[in-house]
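Asker: Sequence below, structure please.
(one chain, ligands or ions: 1)
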Amino acid sequence: MTIEKGFNRKYNCPICELRAWLIKRLELNEELPPNETGFLGQLGEEIKSMGFTRGGDWKYCLDSKSGPVIDDKTTNKIPVGVEIPGYGIMTDVCPICGTVYSTHLSRIDAIIKPRLERPGLGGRDGPNPFFSN
Ligand SMILES: [Zn+2]
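Answerer: Here you go, the predicted model:
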């Protein structure tokens, strides 16, 4: 699978999705409650409706991380202006089964910018050859 530029997907709990599929496939007389948002996402919507958040597309979740995909020991080898792959990940907890899962995954490409370093100190691997004033 290639992760194309602009990749951006939303996910539901994989355990509940599988359980719903099995219930349908085996024609069981059982229903799962709908779950469009994780536990913390639902609590976030509650406080959003109270007007105590930024509004818009603000979302609350268990954890969220983003950044470029780099090897810290070779960062200085990447020239300024080069575009490298980056990521955005949000996780939450399923309020039905307790599974921690990814609610959003996205590819966020980033362009290497000049590093601001204090003169004479250099980086961990020595002075950045791409640094310029
Ligand atoms: Zn679940």
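Asker: rest of the way, CA atoms for contacts and neighbours
Answerer: Fine.
Asker: distance between the ends of stretch 84-97?
Answerer: By CA to CA, to the nearest Å, the extent of stretch 84-97 from end to end equals 37 Å.
Asker: Where does pLDDT dip in this structure?
Answerer: By pLDDT under 70, the weakly predicted segments of the chain are 117-133.
Asker: Please tell me how far the residue nearest the centre of it sits from the ion.
Answerer: Central residue of the chain (CA atoms, centre = their mean): I89, 1.1 Å from the mean position. Distance, I89 to the ion, by CA to the ion, to the nearest Å: 18 Å.
Asker: try R19
Answerer: Distance from R19 to the ion, by CA to the ion: 8 Å.
Asker: and what of V80?
Answerer: Relative to the ion, V80 is positioned 43 Å away (CA to the ion).
Asker: shift numbering so it begins at 32
Answerer: Let's use 32 as the start, then, which means that last one is V111.
Asker: That residue reaches A141, doesn't it?
Answerer: No - using CA atoms under 8 Å, V111 is not in contact with A141; the gap is 10.9 Å.
Asker: list the contacts for the residue nearest to the centre of the chain?
Answerer: Applying CA atoms under 8 Å, 6 or more residues apart in numbering to I120 gives the contacts S95, K96, S97, S133, T134, H135, L136, S137.
Asker: Quick check: residues of this structure near the ion?
Answerer: C44, C47, C125, C128 (CA under 5 Å from the ion).
Asker: 6 Å instead?
Answerer: Residues of the chain found near the ion, taking CA under 6 Å from the ion as the criterion, are C44, I46, C47, C125, I127, C128, T130.
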